[in-house]
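1. Sequence below, structure please.
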Amino acid sequence: MAIVKLLVTIAITTAITIAIITTRTSTTTVEYTSFGAPAAPTLRPSRFLAQKEVGERNPNAADHCHKNPEICSLYGGGGSNSTVTCCNNKCIDVASDDKNCGACKNKCKFSQTCCRGQCVYLAYDKRHCGQCNHACELGEFCVYGLCNYA
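-> Below is the predicted model of the structure:
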């Protein structure tokens with residue numbers, strides 16, 4: 001019986017301690033105007049209702065390039081050398097995107113990276129050793145992403 005009383009006492013003490021620790025006391029400060037009246041609280045708009053600046057664009061918004069494919073040429077700098085194209089209604093750089101490498105829906109295999117529109121293994125490719133466009137010297141091998149790994 002003494003053990004049960006001891007356990008109940010410990011449980012109650014723990015519960016009270018937790019309640020005291022987690023209770024938050026808040027202090028509110030009231031701002032006053034120059035003539036002594038309390039100032040009206042400033043209302044901050046919800047982040048969902050906040051107004052955006054004119055010309056500010058949501059970076060996660062779809063480009064809707066299927067309706068106007070010329071939008072993508074603006075992102076790639078335009079011209080015939082642009083590698084940005086419309087894939088699945090989004091402007092994608094097919095020279096560096098692992099899910100659209102070289103063409104739309106051309107997904108690179110596991111551990112491959114898209115370099116210049118080709119899926120390559122950075123660990124073993126002499127032209128892209130360790131990173132894109134890092135070529136090994138003539139006669140060197142690329143092993144584990146390092147040229148002439150000993």
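
2. who are the neighbours in contact with the residue nearest to residue 125 when sequence neighbours are not counted?
-> Among residues not flanking residue 125 along the chain, residue 142 sits closest, at 6.0 Å (CB to CB, 6 or more residues apart in numbering). All C-beta spots, glycine's among them, are computed from the backbone N, C-alpha and C. Contact criterion CB atoms under 8 Å, 6 or more residues apart in numbering gives 123-126, 129-130, 136, 149 as the residues in contact with residue 142.

3. Using PyMOL, define a selection of the buried residues within the residues you listed.
-> What follows is the PyMOL syntax selecting those of these that are buried according to 16 or more other CB atoms under 10 Å:
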select buried, resi 123+125+129+136
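
4. measure the residue nearest to residue 125 to residue 95 for me?
-> In this structure, residue 142 and residue 95 are separated by 21 Å, where distance is defined by CB to CB, to the nearest Å.

5. Now do the helix or strand of the chain with the lowest mean pLDDT: which elements does it pack against?
-> Between all helices and strands in the chain, the lowest mean by mean pLDDT, DSSP states H and E belongs to helix 70-75, at a mean of 72. Applying 3 or more CB pairs under 8 Å, 6 or more residues apart in numbering; DSSP states H and E, one finds that helix 70-75 makes contact with strand 84-87, strand 90-93.
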